[in-house]
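*Asks:* no FASTA, just this:
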């Protein structure tokens with residue numbers, strides 16, 4: 001059937017490469033992309049909200065907050081991958097006008113987790129979470 005499609009579309013002379021087959025096999029329809037975006041964004045918002053609620057848990061609250069808030073931001077960024085596709089998203093993130101915000105965001109994601117787990121500095125955790133928020137909004 002694939003050969004018939006190639007003949008009818010005029011692509012009979014060329015054999016599809018392995019990369020072209022992977023791209024064709026993994027392309028999503030618009031409805032699936034929107035559902036993936038909504039699901040991933042909802043998970044991101046839920047994780048961020050859960051992290052904010054867990055902030056008030058004694059002793060381990062700040063670590064749980066840092067982990068859930070960071071996971072929420074990662075899921076929210078990942079949600080846009082469904083709409084644009086991974087390569088277009090990465091190209092747009094690293095455009096010269098967005099480069100500083102992208103670097104600050106990624107750096108704050110890592111530094112939030114480092115300050116929660118290794119450095120045990122509560123002030124730094126809160127500072128890096130605030131910087132995550134501003135970098136995401138930027």
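*Replies:* Perfect, I can see it now. Since the structure is predicted, the reported quantities are computational estimates derived from the model, not experimental observations.
*Asks:* and stretch 63-70, average pLDDT?
*Replies:* In this model, stretch 63-70 carries a mean pLDDT of 89.
*Asks:* which parts of stretch 36-45 are buried?
*Replies:* Of all the residues in stretch 36-45, those buried under the rule 16 or more other C-beta atoms under 10 Å are 36, 37, 40, 41, 43, 44. For glycine as for every other residue, the C-beta is placed from the backbone atoms N, C-alpha and C.
*Asks:* who touches that stretch?
*Replies:* Applying C-beta atoms under 8 Å, 6 or more residues apart in numbering, the external contacts of stretch 36-45 come out as 28, 71-83.
*Asks:* please repeat the previous calculation with a cut-off of 7 Å.
*Replies:* Stretch 36-45 is touched from outside by 72, 73, 75, 76, 78, 79, 82, 83, with contacts defined as C-beta atoms under 7 Å, 6 or more residues apart in numbering.
*Asks:* now the buried members of these.
*Replies:* Burial by neighbour count, 16+ other C-beta under 10 Å: within the contacts of stretch 36-45 this picks out 72, 73, 75, 76, 78, 79, 82.
*Asks:* same list (those) but as a markdown table, adding distance to residue 58 and secondary structure.
*Replies:* Compiled in a markdown table, these are given as follows (distance: C-beta to C-beta, whole Å; DSSP: H, G, I helix; E, B strand; the rest coil):
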| residue | distance to residue 58 | secondary structure |
| --- | --- | --- |
| 72 | 22 | helix |
| 73 | 25 | helix |
| 75 | 27 | helix |
| 76 | 28 | helix |
| 78 | 31 | helix |
| 79 | 32 | helix |
| 82 | 38 | helix |
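*Asks:* so how far is residue 57 from the spatially most central residue of the chain?
*Replies:* Closest to where the C-alpha atoms of the chain average out (C-alpha atoms, centre = their mean) is residue 78, at 2.3 Å. Taking C-beta to C-beta, to the nearest Å as the measure, residue 78 and residue 57 are separated by 26 Å.
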